[in-house]
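> give me a model of this one.
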Amino acid sequence: MRKIATTLAGLLCLALLAPSSALSAAKPRARDLGVPFEGVPGPGNAITDVAGVEIGHTTLISGEGKLVVGKGPVRTGVTAILPRGARSNDDAVFAGWFSQNGNGEMTGTTWVEESGFLEGPVLLTNTHSVGVVRDAAIAWRVNHGSADASGYWWSLPVVAETWDGFLNDINGFHVRPEHVFQALSSAAGGAVAEGSVGGGTGMICYEFKGGIGTSSRRLAQKAGGYTVGVLVQCNCGRRSQLSIAGVPVGREIPGTVYGDDTGSIIILVATDAPLLSHQLKRLARRATMGLARTGSTSGNGSGDIFLAFSTANAGAWAAKKPSAVTMVPNDDMSPLFEATAQATEEAIVNAMVAAETMTGADAHRADGLPHERLREVLKKYGRLAR
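Residues are numbered from 1 along each chain as shown. Now for the predicted structure:
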């Protein structure tokens, strides 16, 4: 296991860098609790079911008690998503993005829109660490990728954020370049750690503890047999809105943290279906359907920004002359839309199920979604799967 202690502004922060499978194995997921979902998941029910996709986290947790800017408490981190693993810098993927509500940030999206490609990794962090994470991503690109034809390393990284300032010393700027490098270098396929990890460490969702969640769907062979995977950093919604499997869980388990919809959510959709950039923008839009299933109405204060990419058509980005690419006909995309909505819904619930109660700055507390109480509520409405 990697060395997990790192010094951060004179404090000892815990950087959880173990393989994702080791971190997630002991935690139940939503299906384990009997939450019913539609669709057939991939073998890992994670975004990494899309072959080649790798995920890494750096989790920073230290300090307790009164907030002292620059000293903590610290509840934050970085999550890295590499569409083609180690090859992500040298073989960009077709991509498209969509903003459901723009009170947030995802850098690099104007070039994604213009070029149709996502070049390199996607990184998730807190609102006030976007700059340092973006700069570190460029440094990592210079160190690990090859220069372009002119001899320059040219990069417009995609870095997205949600706000963790309720639990975290967000103005203490505790995320450093080495934490970005750790998340990138620890990225791996397989099981993905969920809940209060990486960029999701200090996040709150529907006024329960939130964070990172993932899920996937495998299409039937007659629909192409493709895989769709989703990863979310969820920090949105009010308790009264929360719906799980069609059940008004938020009203049945009341509580208040913010009392207003001031959070955000970042949703990443990956697929091995051969889709072009305009089709991937359509896919990104369908993440709104899964988000809405959990009760969100994307309030004014919420930054709800989504990006979709395809791992198909390898080599298209680096082609030096006209080359052929493949695409799913538009008339055949409906199963992919459905899979995206389904996987998004489950990824959000998985994040909340995995996240445990956390106390942070000024003793602010975010309660984890209580598992047994959730089962009782689902049973009351006839929705408990087992």
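> work out for me the element the residue in the chain sticking out farthest from the centre sits within.
Here the chain reaches farthest from its C-alpha mean at Lys321, the gap being 35.0 Å by CA atoms, centre = their mean. For Lys321, there is no host helix or strand (DSSP states H and E).
> got the phi/psi numbers for it?
phi -150, psi 170 (degrees, to the nearest 10).
> that one and Asp32, how far apart?
Computed as CB to CB, to the nearest Å, the Lys321 to Asp32 distance reads 51 Å. Placement of C-beta: from N, CA and C, glycine included.
> now swap in Ala193 and tell me
Ala193 is 16 Å from Asp32, by CB to CB.
> repeat that for Arg373.
15 Å.
> could you find the closest non-adjacent residue to Val349?
Ala30 (4.4 Å; CB to CB, 6 or more residues apart in numbering).
> quick one: residues contacting that neighbour.
Phe37, Ile244, Glu346, Val349, Asn350, Val353 (CB atoms under 8 Å, 6 or more residues apart in numbering).
> who wins for neighbours among these?
Counting neighbours by other CB atoms under 10 Å, Asn350 comes out on top of those with 34 neighbours.
> right, and that one touches Ser216 too?
No. Counting by CB atoms under 8 Å, Asn350 sits too far from Ser216 to count as a contact (10.8 Å).
> so who does the closest residue to His371 other than its chain neighbours touch?
Using CB to CB, 6+ apart and skipping the chain neighbours, the partner closest in space to His371 is Leu33 (5.5 Å). When contacts are counted by CB under 8 Å, 6+ apart, Leu33 touches Val353, His371, Leu374, Arg375.
> and what of Leu184?
With CB under 8 Å, 6+ apart, Leu184 has these contacts: Gly56, Ala80, Leu82, Pro121, Leu123, Ala137, Trp140.
> most widely separated two among those?
Farthest pair in the contacts of Leu184 (CB to CB) is Gly56 and Ala137. Separation: 12.6 Å.
> now do the strands in the stretch 101-250 of the chain.
Under the criterion DSSP state E, counting those that start in this stretch, the stretch 101-250 of the chain carries strands at the ranges 117-118, 122-126, 158-162, 204-205, 208-209, 211-218, 227-235.
> what helix or strand does Ala347 sit in?
Using DSSP H and E, the element containing Ala347 is helix 334-354.
> give the buried residues for that helix.
335-336, 338-354 (16 or more other CB atoms under 10 Å).
> can you name the element that comes right after that helix?
strand 358-359.
> and that next one, what does it pack onto?
Judged by 3 or more CB pairs under 8 Å, 6 or more residues apart in numbering; DSSP states H and E, the packing partners of strand 358-359 are strand 365-366.
> just how off-centre is the strand it packs on within its chain?
21 Å (CA atoms, centre = their mean, to the nearest Å).
> again, but for stretch 157-169
With CA atoms, centre = their mean as the basis, the mean position of stretch 157-169 lies at 12 Å from the chain mean.
> about what we covered before: compare Ala193 and Asp32 (neighbour count), which wins?
Ala193 (27 against 12).
> and the more buried one, how far from Ala147?
34 Å.
> please apply the same query to Ile170.
35 Å.
> do Ala324 as well
Taking CB to CB, one finds Ala324 at 27 Å from Ala147.
> so which of these two has more stuff around it?
Legend: neighbour count by other CB under 10 Å for Ala324 and Ala147, higher for Ala147 (10 against 7).
> wait, what's in contact with the more buried one?
Trp153.
> can you rerun that using 10 Å?
By CB atoms under 10 Å, 6 or more residues apart in numbering, the contact list for Ala147 reads Trp153, Trp154.
> same thing with Ser298?
Counting by CB under 10 Å, 6+ apart, Ser298 makes contact with 99-101, 103, 236-237, 261, 264-265, 288, 291-292, 304.
> closest one of these to Gly255?
Gly237 (12.5 Å).
> show me where pLDDT drops low in this structure?
Scanning the chain for pLDDT under 70 picks out 1-26, 145, 148-152, 259-261.
> cutoff 90 now
1-27, 89-90, 141-154, 255-263, 318-320, 323, 386 (pLDDT under 90).
> give me the most central residue, it.
The residue lying closest to the centre of the chain (CA atoms, centre = their mean) is Val232, at 3.0 Å.
> measure the closest residue to it other than its chain neighbours to Ile212 for me?
In this structure, Val232 finds its nearest non-sequential neighbour in Ala347, 4.6 Å apart by CB to CB, 6+ apart. Distance, Ala347 to Ile212, using CB to CB: 9 Å.
> which residues are in contact with both of the two?
Common neighbours of Ala347 and Ile212 (CB under 10 Å, 6+ apart) are Val192, Glu194, Leu231, Val232, Gln233, Cys234.
> so what's the fifth one up against?
I take that to be Gln233. 79, 124-126, 160-162, 164, 198-201, 203, 205, 210-213, 264-268, 347, 351.
> that older thread, dump the contacts of Ala30 into JSON lines; add distance to Ser277 as well.
Listed next are the contacts of Ala30 as JSON lines, based on distance: CB to CB, whole Å:
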{"residue": "Phe37", "distance to Ser277": "29"}
{"residue": "Ile244", "distance to Ser277": "33"}
{"residue": "Glu346", "distance to Ser277": "26"}
{"residue": "Val349", "distance to Ser277": "30"}
{"residue": "Asn350", "distance to Ser277": "28"}
{"residue": "Val353", "distance to Ser277": "34"}
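> between the residues you listed, which is closest to Ile61?
Nearest to Ile61 among these, with distances taken as CB to CB, is Val353, at 19.6 Å.
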